[in-house]
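Q: Predicted model and sequence below, questions to follow.
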Amino acid sequence: MRHRLLLPVVAVLVIVAAGCGPIWPNITPPGTAPVRYRDPIITAVTVTSDVTYGSAVNLENQTITLKLDMYQPTGDTVTSRPAIVWVHGGSFCCGSKTSSELVDEATTFSKKGYLNVSIDYRLESPGCSGSFSNCVAAIKEAAEDAQTAVRFLRSNAATYGIDPNRIAIGGSSAGAITALNVGYSSSEDPSASVRAAVSLSGAQLVVGTISPGDAPALDFHCTTDPLVSYQWALSTIDAAQAQGLDAFLEYWKETCHVPYSEHRQQILDQSRNFLWWEMDLAHAAT
């Protein structure tokens, strides 16, 4: 069953139950040839590991070298393609850019013609497993590092064949919280702005406030999430909608957190549709 709340055209909150169809206009009419950024058009992906994108000082006053893995469609000649920054989960104290769901997402979208990066960022012990103040500090660091990655891609757009105006961010759990905080800080810092944010089991918790110029967002969530409350996700959507932003929530009536393997195809399909729509990829370079 689909539950839909219609608001003004520029501010639509859509809540969709598991098993429902797309919440965007149909972008895959039957019988059409593969379309770049919508369908797989490349069979192989080139991965460049441990690219340095910056450095930062952690809470113990140690300088950390920030690295990313870059996924590029092998043999593709387009020189201005959209890019996605993927951020791993792990309660801000653990995890890696080689997280299985991020590798899968980066590979999948690279085969559609995107450039993808999966980033490592500063991790702090105990992250969000300890005090609230430690959690706040860890979230801010992660968001700052993700913004550094966005700036890196934008400043090296010509080198990597990126459209600097079509950069998105996504992540799961702690990475989803990071992605939303970056998306909802876009109006504050144009150099680190993104066109869209995709969140799996995340919410906007700490960094800044949501403003009319911030990015649209899509969140996937379980109604009984033991780590990141579903109510936090609803509050995030409400706050974004109140600012006139496109804000979408797709939920499953389940007890779960980051159910990527269980709902992989739905997550990939809806993320594809969301990014196609919000990044205006019908008019992107081909």
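A: Alright, I've got the coordinates.
Q: Mind exporting the C-alpha coordinates of stretch 266-280 to CSV?
A: Taking C-alpha atoms only, stretch 266-280 is exported to CSV below (Å, rounded to 0.1, in the frame of the first residue of the first chain):
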residue,chain,number,x,y,z
GLN,A,266,14.6,-1.7,-4.4
ILE,A,267,17.3,0.5,-2.9
LEU,A,268,19.3,0.6,-6.1
ASP,A,269,16.2,1.2,-8.3
GLN,A,270,14.8,4.0,-6.2
SER,A,271,18.2,5.6,-5.7
ARG,A,272,18.7,5.6,-9.5
ASN,A,273,15.3,7.2,-10.1
PHE,A,274,15.9,9.8,-7.4
LEU,A,275,19.3,10.8,-8.7
TRP,A,276,18.1,10.8,-12.3
TRP,A,277,15.3,13.2,-11.3
GLU,A,278,17.0,15.5,-8.9
MET,A,279,20.3,15.8,-10.8
ASP,A,280,18.5,16.3,-14.1
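Q: And the strands in this protein?
A: Under the criterion DSSP state E, the chain contains strands at 2-5, 13-17, 45-57, 63-73, 81-87, 115-119, 162-172, 196-200, 217-224, 247-255.
Q: what residue lies at the spatial centre of the protein?
A: residue 170 (1.2 Å; Cα atoms, centre = their mean).
Q: Can you tell me how far that one is from residue 278?
A: Separation of residue 170 from residue 278 (Cβ to Cβ, to the nearest Å) stands at 12 Å. Any C-beta I mention is one placed from the backbone N, CA and C, and that applies to glycine too.
Q: One more: residue 162?
A: 17 Å.
Q: picking up where we left off before, the strands of the chain into JSON lines, with extra columns for mean pLDDT?
A: Shown next, in JSON lines, are those (pLDDT from 0 to 100):
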{"stretch": "strand 2-5", "mean pLDDT": "28"}
{"stretch": "strand 13-17", "mean pLDDT": "42"}
{"stretch": "strand 45-57", "mean pLDDT": "98"}
{"stretch": "strand 63-73", "mean pLDDT": "98"}
{"stretch": "strand 81-87", "mean pLDDT": "98"}
{"stretch": "strand 115-119", "mean pLDDT": "98"}
{"stretch": "strand 162-172", "mean pLDDT": "97"}
{"stretch": "strand 196-200", "mean pLDDT": "97"}
{"stretch": "strand 217-224", "mean pLDDT": "95"}
{"stretch": "strand 247-255", "mean pLDDT": "93"}
